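> what follows is a predicted protein model with its sequence.
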Amino acid sequence: MPSAPVLASYALLTFLRGEPGEDLIAALLEKAGLRDAPLHMTEVNYAEVKYTVIRKDGPERWAEIARELPTLPIEFHAADHRLAELAADYKARFKISLADAFASALAKDRKAELVTGDPEFEALEKEIKITWLK
């Protein structure tokens, strides 16, 4: 049975910043909470979310999000050696960022779909299942 979805940084940022596609992420989070089956994200992607919010919205907004984030049904995964091996493979074979490589690696490792709207992931459509935000 496939695991709960993996969120790319793009997906969580869409939700946190109220951008188009936030409704899908809100629905996934609600479903995850009701089923007690959290969504997944790597700590590397967490870092990307944090620095993006600080750069675009300021440290005060990040402080608000940092208080709210632990209440969301998201399980954060460390970048252990096994995940780093998969991410390095994706980074070497495809033109993607390191954070996107880790998100892809987690989706592959967990046999889960990856939720994103970032066109950079198009290169990985034969490697992992992707749910696209529109």
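Happy to help now that I have it.
> how far away is Glu127 from Ala4?
Distance, Glu127 to Ala4, by Cβ to Cβ, to the nearest Å: 19 Å. In short, each C-beta sits where N, CA and C put it, glycine included.
> quick one, helices of the chain?
With helices called from DSSP state H, the chain shows them at 9-16, 22-35, 43-57, 59-68, 81-93, 98-110.
> beta partners of Leu114?
Beta-bridge pairing of Leu114 under DSSP bridges involves Val6, Ile130.
> okay but it is in contact with Trp132, surely?
No. Assessed by Cβ atoms under 8 Å, Leu114 is found out of contact with Trp132, at 9.7 Å.
> among those two, which residue is more densely surrounded?
Legend: neighbour count by other Cβ atoms under 10 Å for Leu114 and Trp132, higher for Leu114 (28 against 15).
> which stretches of the chain have low pLDDT?
Applying pLDDT under 70 to the chain flags residues 1-2.
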